[in-house]
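K.L.:
With the sequence up front, the predicted model follows.
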Amino acid sequence: MRKMIVTLVALSALALPIAAMADDAAPTAASAANQLCKQEQTKMGAAAFAAAYGTNSSKSNAFGKCVAKNSANAAAAVDNAAKACRTERAADAGAFAKKYGTNGKPGGAGAGSNAFGKCVSQKAKAATDAEAAKAPSAAKQCKALAKSDPAGYATSYGKDKNALGKCVAAQSHGK
């Protein structure tokens with residue numbers, strides 16, 4: 001038992017520097033999709049979010065389904081951000097490091113070493129923020145549609161309690 005605790009403490013101590021280094025790297029598509037889903041969940045509300053994405057009877061798999069549905073868009077956002085950052089860095093590497101770099105002392109050797117990751121992170125976050133901002137308008141569109149054309153709404157999305165969620169998912173993902 002004591003050996004296991006010592007091993008766990010040692011492993012966690014090794015993991016801390018790795019986690020700290022992860023901040024210097026560009027974001028992954030999974031982290032961008034995760035961020036997008038967190039924002040959508042907050043803006044839509046837990047019930048509408050669960051109804052929109054959940055596929056099992058308890059809708060408990062909603063977050064995972066959201067991440068899976070948004071992973072392609074998130075990958076594109078990260079790729080586009082990386083391309084934009086490469087272009088910006090190529091134009092003026094010194095200004096790029098100064099604008100995005102936060103490691104080390106200003107003017108020191110490591111000052112801009114994390115600049116690329118910070119740039120990609122900022123640009124990908126802006127893209128996912130813009131995508132997440134669509135969720136409230138999708139909910140409003142669905143509520144308006146349900147009032148203006150109840151029969152068409154019921155035909156398209158059903159009459160049960162998850163109809164609004166189905167509509168929001170379809171509207172926010174352009175289906």
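P.N.:
Happy to help now that I have it.
K.L.:
List the buried residues of the lengthiest helix in the chain.
P.N.:
Criterion DSSP state H: the longest helix present in the chain is helix 62-91. Neighbour-count burial for helix 62-91, with 16 or more other CB atoms under 10 Å as criterion, is recorded at 62-63, 65-67, 69-71, 73-75, 77-78, 81-82, 85, 88-89. Where C-beta positions appear, they are placed from N, C-alpha and C, glycine not excepted.
K.L.:
Which other helices and strands does it contact?
P.N.:
For helix 62-91, the helices and strands in contact under the criterion 3 or more CB pairs under 8 Å, 6 or more residues apart in numbering; DSSP states H and E are helix 29-44, helix 46-53, helix 93-100, helix 115-132.
K.L.:
could you give the mean pLDDT of that helix?
P.N.:
For helix 62-91, the mean per-residue pLDDT is 90.
K.L.:
Repeat that for stretch 118-135.
P.N.:
Here stretch 118-135 scores 82 as its mean pLDDT.
K.L.:
Repeat that for stretch 29-40.
P.N.:
85.
K.L.:
so how many other residues sit close to residue 60?
P.N.:
When counting by other CB atoms under 10 Å, one arrives at 11 neighbours for residue 60.
K.L.:
now it: how far from residue 133?
P.N.:
Using CB to CB, to the nearest Å, one obtains 26 Å as the distance from residue 60 to residue 133.
K.L.:
still on that earlier bit, I'd like to know which of the helices and strands packed on helix 62-91 is closest to residue 156.
P.N.:
Closest to residue 156 of the helices and strands packed on helix 62-91, according to CB to CB: helix 46-53, at 14.2 Å.
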